[in-house]
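*Asks:* based on what follows, work out the 3D shape:
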Amino acid sequence: MSHAFQWLMFRDTSAQDHVITRPDEAGAAWRRKALLVGGVALMLVLVGWMAVQWLGGARSYSGERLRIAVVTRGDLVRDISADGRVIAANSPTLYAIASGAVALKVVAGDRVHKGQELAVIDSPELRSKLVQEESTFASLEAEARRANLDARIATLNARKTLDQAQIVHMAASRELERYRDAYDGSRAVSRNDLNRAEDELKKADIGLRTAKEDFELQVAGAQLDARNKQLLAERQRAVLDETRRQVDALTLRAPFDGQVGQIQVQQGTSVAANAPVLSVVDLGQFEVEIKVPESFARDLGIGMAAQLTSGAGQPWPAEISAVSPEVVNGEVMARLRFSDEQPPGLRQNQRLAARVLMDTRRDVLKLERGPFADQAGGRYAYVLDGSIAVRRPVSLGVSSLAEIEVLEGLQPGDRVVVSGSDQFGNAQRVKIH
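*Replies:* This next block holds a predicted model:
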């Protein structure tokens, strides 16, 4: 009992002890706790932000490699701009009608007048042919004249035979009348004589009918022979005229007032038939040739308004005069003609800037044209929402070289990636930094 009392009296007093800290040490401990809590909170916020960004865009792309345009509302002018080349609207090439040596009378660049001699081709073969055709024509023409004379002679002979038959018929008719009167009046002639007179009249009738038919046949036959001979002569005349034309064409003449263009042969050299010799340029009528992308070719039409300018010069009104039906290397050739007076000082192959005005769409949503319009058939576009580009379905309309019409899917003020979206790989959302 005494031992227990002693233990109770002398037990440890550590439970009653307290650590007393100094005031500056207590503040430092609280600051450390606050910094630790703030760091943990900051890390949580950073992790959350990174998670949001990761969920918002699976990929990240640099904005420097993109071209971004804003959707606006206004008038969309559909036009085509192209570089044009001045060409002569009328620039024929003169060809050699036959083979022979060429004697040039002009040089390239000479001004010429209509009908002026430009070159002469010496063709002995063609000139010899002309002499032969002239001789053949003279012979056939003489035969035609002879056929006409023969036709007149045949007609006269047939007429003579017909006249003689008519006289014989008249004589037989009078003889029969005399015999009939004598027989009926006093029986001065016998019945046999009367019958003989009647037979003679019938014979005369037959001779007259035969003479008439023979006359008609002789006249028709003679005229037919003469006609055939005349046709042969006329045919030969046509051959002769053509040969004369060819011989005259050996002298190449200027078809109009203009300028000698390119000369294809050298002085005194021999050329083959139908070979080009030189060209003549009509300086009074020029056109401008342009190349149009195939995508715009279907919208072009003859008579469509256009403008032509040279550098910073004044624009000249023009119109489309022709559109080629053939596509070459993805382009279609078209020609523009000046609507008013042709500007002075134009030269062959001079460069002009051309602008074709197709139509104007009033008060429409429009966007800068870019490669996005050709990707996925122009059915999608990437629209920026802050730093995130969202793939959105759109509907596009007509386009010009600079702008394209927006039908559905976009609103004014939307920022659209018009170039560079091909690298997104059709992702639904991408990050732009």
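*Asks:* the helix or strand harbouring residue 120 pairs with which strands, parallel or anti?
*Replies:* For residue 120, the element it lies in under DSSP states H and E is strand 117-122. Its sheet considered, strand 117-122 pairs with strand 100-104 (antiparallel), strand 251-253 (antiparallel) by DSSP bridges.
*Asks:* next, the buried residues of that strand.
*Replies:* Applying a neighbour-count criterion of 16 or more other C-beta atoms under 10 Å, the buried positions in strand 117-122 are 118, 119, 121. To be clear about C-beta, it is placed using only N, CA and C from the backbone, and glycine gets the same treatment.
*Asks:* distance from that strand to the middle of the chain?
*Replies:* Taking C-alpha atoms, centre = their mean, to the nearest Å, the mean C-alpha location of strand 117-122 is offset from the chain mean by 34 Å.
*Asks:* beyond it, next helix or strand please.
*Replies:* Following strand 117-122 in sequence, per DSSP H and E, is helix 124-185.
*Asks:* now do that following helix: distance to the chain's middle.
*Replies:* A distance of 65 Å separates the centroid of the chain from that of helix 124-185, by C-alpha atoms, centre = their mean.
*Asks:* for that helix, name the packing helices and strands.
*Replies:* Packed against helix 124-185 by the contact rule (3 or more C-beta pairs under 8 Å, 6 or more residues apart in numbering; DSSP states H and E) you find strand 100-104, helix 191-249.
*Asks:* count of residues packed around the residue nearest to residue 189 when sequence neighbours are not counted?
*Replies:* Sequence neighbours aside, residue 182 is the residue nearest to residue 189 in space, at 4.6 Å (criterion: C-beta to C-beta, 6 or more residues apart in numbering). Summarising burial for residue 182: neighbours were counted as other C-beta atoms under 10 Å, giving 16.
*Asks:* returning to that earlier point: nearest to residue 144, out of the helices and strands packed on helix 124-185?
*Replies:* Of all the helices and strands packed on helix 124-185, it is helix 191-249 that lies closest to residue 144, at 4.1 Å by C-beta to C-beta.
*Asks:* now do that closest one against helix 124-185, angle only.
*Replies:* Relative orientation of helix 191-249 and helix 124-185, computed by axes from the mean of the first three to the mean of the last three C-alpha atoms, to 10 degrees: 170 degrees.
*Asks:* quick check, nearest of the buried residues of strand 117-122 to residue 405?
*Replies:* Sorting those by how near they are to residue 405, with C-beta to C-beta, puts residue 118 at the top with 54.9 Å.
*Asks:* which ones are touching the closest one?
*Replies:* 94, 104, 105, 106, 112, 252, 253, 254, 260, 278, 280 (C-beta atoms under 8 Å, 6 or more residues apart in numbering).
*Asks:* measure it to residue 83 for me?
*Replies:* To residue 83, residue 118 is 33 Å away according to C-beta to C-beta, to the nearest Å.
*Asks:* which intervals of this protein have sub-threshold pLDDT?
*Replies:* Within the chain, the set of residues satisfying pLDDT under 70 comprises 1-34, 38, 40, 45-59, 186-188, 311-312.
*Asks:* spatially central residue for it, please.
*Replies:* With distances taken as C-alpha atoms, centre = their mean, residue 324 lies nearest the centre of the chain, 2.0 Å away.
*Asks:* ok, that one touching residue 332?
*Replies:* Yes: with contact taken as C-beta atoms under 8 Å, residue 324 and residue 332 are classed as touching, separated by 5.6 Å.
*Asks:* picking up where we left off before, can you tell me the element the residue nearest to the centre of the chain falls in?
*Replies:* Following DSSP H and E, the helix or strand that holds residue 324 is strand 316-328.
*Asks:* which secondary structure elements does the helix or strand that that strand is followed by contact?
*Replies:* Past strand 316-328, heading to the C-terminal end, the next element that is a helix or strand (DSSP H and E) is strand 331-338. Secondary-structure packing of strand 331-338 (3+ C-beta pairs under 8 Å, 6+ apart): strand 286-293, helix 294-297, strand 305-309, strand 316-328, strand 351-368.
*Asks:* so which of the ones you listed is nearest residue 61?
*Replies:* Across the helices and strands packed on strand 331-338, closest to residue 61 is strand 351-368 (C-beta to C-beta), at 19.3 Å.
*Asks:* now find how far off-centre the closest one is within its chain.
*Replies:* Taking the mean C-alpha point of strand 351-368 and that of its whole chain, the gap between them comes to 23 Å (C-alpha atoms, centre = their mean).
*Asks:* quick one: strands adjacent to it?
*Replies:* Strand partners for strand 351-368, identified by DSSP bridges, are recorded as strand 72-88 (antiparallel), strand 305-309 (antiparallel), strand 403-408 (antiparallel).
*Asks:* can I get these in a markdown table with distance to residue 200 and mean neighbour count?
*Replies:* Formatted as a markdown table, these follow (distance: least, C-beta to C-beta, whole Å; neighbours: other C-beta atoms under 10 Å):
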| stretch | distance to residue 200 | mean neighbour count |
| --- | --- | --- |
| strand 72-88 | 90 | 17 |
| strand 305-309 | 98 | 19 |
| strand 403-408 | 111 | 18 |
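*Asks:* nearest to residue 273, out of these?
*Replies:* Closest to residue 273 of the strands paired with strand 351-368, according to C-beta to C-beta: strand 72-88, at 26.1 Å.
*Asks:* next structured bit after that closest one?
*Replies:* Once strand 72-88 ends, the next helix or strand along the chain (criterion: DSSP H and E) is strand 93-95.
*Asks:* now do the buried residues in stretch 127-144.
*Replies:* Taking 16+ other C-beta under 10 Å as the neighbour-count basis, stretch 127-144 is seen to contain the buried residues 129, 130, 133, 137, 140, 141, 143, 144.
*Asks:* now swap in stretch 143-155 and tell me
*Replies:* By neighbour count, and taking 16+ other C-beta under 10 Å as the criterion, the buried residues in stretch 143-155 are 143, 144, 147, 148, 151, 154, 155.
*Asks:* nearest to residue 307 among those residues?
*Replies:* Where the buried residues of stretch 143-155 are concerned, and distances follow C-beta to C-beta, residue 307 has its nearest neighbour in residue 144, at 65.8 Å.
*Asks:* so what's that closest one up against?
*Replies:* Counting by C-beta under 8 Å, 6+ apart, the residues that residue 144 touches are 226, 229, 230, 232, 233.
*Asks:* what is the burial count for residue 202?
*Replies:* Other residues within reach of residue 202 by the criterion other C-beta under 10 Å amount to 11.
*Asks:* then the one 10 residues further on?
*Replies:* The local packing of residue 212 (other C-beta under 10 Å) involves 15 other residues.
*Asks:* does it touch residue 162 like I think?
*Replies:* Yes: here residue 212 reaches residue 162: they are 6.0 Å apart, a contact under C-beta under 8 Å.
*Asks:* done for today, thanks.
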